[in-house]
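Colleague: Quick one, fold the following:
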Amino acid sequence: MERPATYWTALPEYAQARKALWTAVNPHSGMRRIDEAFPHEIRESTNESEMFIRFVNGSTWQLIGSDRYNALVGASVAGVTFSEFALANPAAWGYIRPMLEENDGWAAFITTPRGPNHAKSMYELGQKNKNWFAQSLSVLDTGALNEEQLAESLEEYKAIYGDDFGLAMYEQEYLVSFSGATIGAYWGSEISRAERDGRVRDVPIDRDYPVHVVMDLGKAANNPMFMFQVIADRPHIVDFYRPETDDLDDWCKWLDDKGYGDGNTYVPHDIAVTEWGSTRTRLETLQAKGRKVVAIPRVSVADGLQAGRTTINEALIHKGDDERGVRMELGLEGLKNYRREWDDELKVFRMNPVKDWAEHIGSAFRYLGLSWRNVVPPRKKEYKSTEQTFQIDEYGRMRSNMSVKEAVDAMIKRKRAFSDD
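Modeller: Modelled structure (predicted):
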């Protein structure tokens, strides 16, 4: 009403826009929602078939679908609201954005998460960009439902979808979780909880403790690694690396250049097989590069998944604005997307993981879960002076910081050094 112009509200699909808003009736009032939002007194005309309203001041408003964005050619829009943007075609925003920019317009995106897709990326952009406003409000923030209602909803979801999928759906719909919503995710709920608890944050590397490496060592083209430290009996996940080559020499060089050479390198139990394209085993190659290799005992996938689950529940996970944070972002996305296959006939999740880009990342983290508790805490380094000093005690006796043997050994070393010079 303040700026006469063209405005749109976009739903994921055109047909959905008609059902959800244009013809929908508010059960509390018995009125069409569209009539409640825009009383007839402020309208000049209404086009039912095109879901179009012209107002008395010259402005227009129309419901559109992101699936028909090509039909908007030539329009000059000043404001658009995307409802349920996570389900929308992201290409629609790419098409509309230049028009808004030219008209000094605005856009709003309202959505429930649907996994780590374009809506999550847009939300994260909004958090970082000063020209945007971004806010996430769960039912715990709004207080829309009480604890009893929430508990009942969770039980219903579990009854309908099973414990894992039911919890994921509940966290998606009520707790605004981008990770728990990934269907069949092994660790979606755990990652979501770690994010809510503030354990996914900037985690500095403490150089007083070794940095350990865990590798998947699957096919040559996909061998992700996690780097971790164990400090005060707690795992710190500090870096992630997915090599671009299949050359173990390149990997070891990258690790050494980053200062990840002082800890153990944990590898699967089949480390003794021949390396790709050579007669040496992977174990021999890693050892030749100075890596302290530790083979992880063979256990069931289920045990590895449980180890990964408990690890996420205890870990601090790095997510910063530095290079490590950028790499860890891919690792985190992989953990969120590491999921089970769905059996359409039986309507259950199979135990085996989906064979996609996230599988090896999830496998590497399973190995991390089986490894970090076996890390032996480093001993504090003790530095002993090689210079002999003397003090007079309260009885007037002279005391030295060295025994006679230590003093003689130190004197011999100094003489040898002097002779060499």
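Colleague: can I see the domain layout of the protein?
Modeller: The record's domain parsing of the chain by automatic domain parsing lists 6-111, 152-196, 203-374, 390-420.
Colleague: Can you lay out the ones you listed as a markdown table showing distance to residue 135 and mean neighbour count?
Modeller: For every residue, glycine as well, the C-beta is placed using N, CA and C. Formatted as a markdown table, the domains of the chain follow (distance: least, C-beta to C-beta, whole Å; neighbours: other C-beta atoms under 10 Å):
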| stretch | distance to residue 135 | mean neighbour count |
| --- | --- | --- |
| domain 6-111 | 10 | 15 |
| domain 152-196 | 10 | 20 |
| domain 203-374 | 20 | 18 |
| domain 390-420 | 63 | 10 |
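Colleague: Any chance of those in TSV with distance to residue 141 and mean pLDDT as columns?
Modeller: Formatted as TSV, the domains of the chain follow (distance: least, C-beta to C-beta, whole Å; pLDDT from 0 to 100):
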stretch	distance to residue 141	mean pLDDT
domain 6-111	15	91
domain 152-196	9	83
domain 203-374	21	87
domain 390-420	62	64
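Colleague: Those into JSON lines, with extra columns for distance to residue 136?
Modeller: Below are those laid out as JSON lines (distance: least, C-beta to C-beta, whole Å):
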{"stretch": "domain 6-111", "distance to residue 136": "10"}
{"stretch": "domain 152-196", "distance to residue 136": "5"}
{"stretch": "domain 203-374", "distance to residue 136": "16"}
{"stretch": "domain 390-420", "distance to residue 136": "60"}
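Colleague: Select, out of those domains, the one closest to residue 144.
Modeller: Counting by C-beta to C-beta, residue 144 lies closest to domain 152-196 out of the domains of the chain; the figure is 9.0 Å.
Colleague: what sits against residue 117?
Modeller: With contact taken as C-beta atoms under 8 Å, 6 or more residues apart in numbering, residue 117 is in contact with residue 86.
Colleague: Distance of it relative to residue 178?
Modeller: Counting by C-beta to C-beta, to the nearest Å, the gap from residue 117 to residue 178 is 8 Å.
Colleague: Could you pull up the residues touching residue 239?
Modeller: Going by C-beta under 8 Å, 6+ apart, residue 239 touches 205, 211, 226-227, 258, 260, 318, 324, 327-328.
Colleague: of the residues you listed, closest to residue 297?
Modeller: Among the contacts of residue 239, and counting by C-beta to C-beta, the member closest to residue 297 is residue 226, at 18.3 Å.
Colleague: rewinding a little: the contacts of residue 239 in helices, which ones?
Modeller: 324, 327-328 (DSSP state H).
Colleague: Could you export those residues as JSON lines, including distance to residue 55?
Modeller: What follows is the ones in helices among the contacts of residue 239, written out as JSON lines (distance: C-beta to C-beta, whole Å):
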{"residue": "324", "distance to residue 55": "53"}
{"residue": "327", "distance to residue 55": "51"}
{"residue": "328", "distance to residue 55": "49"}
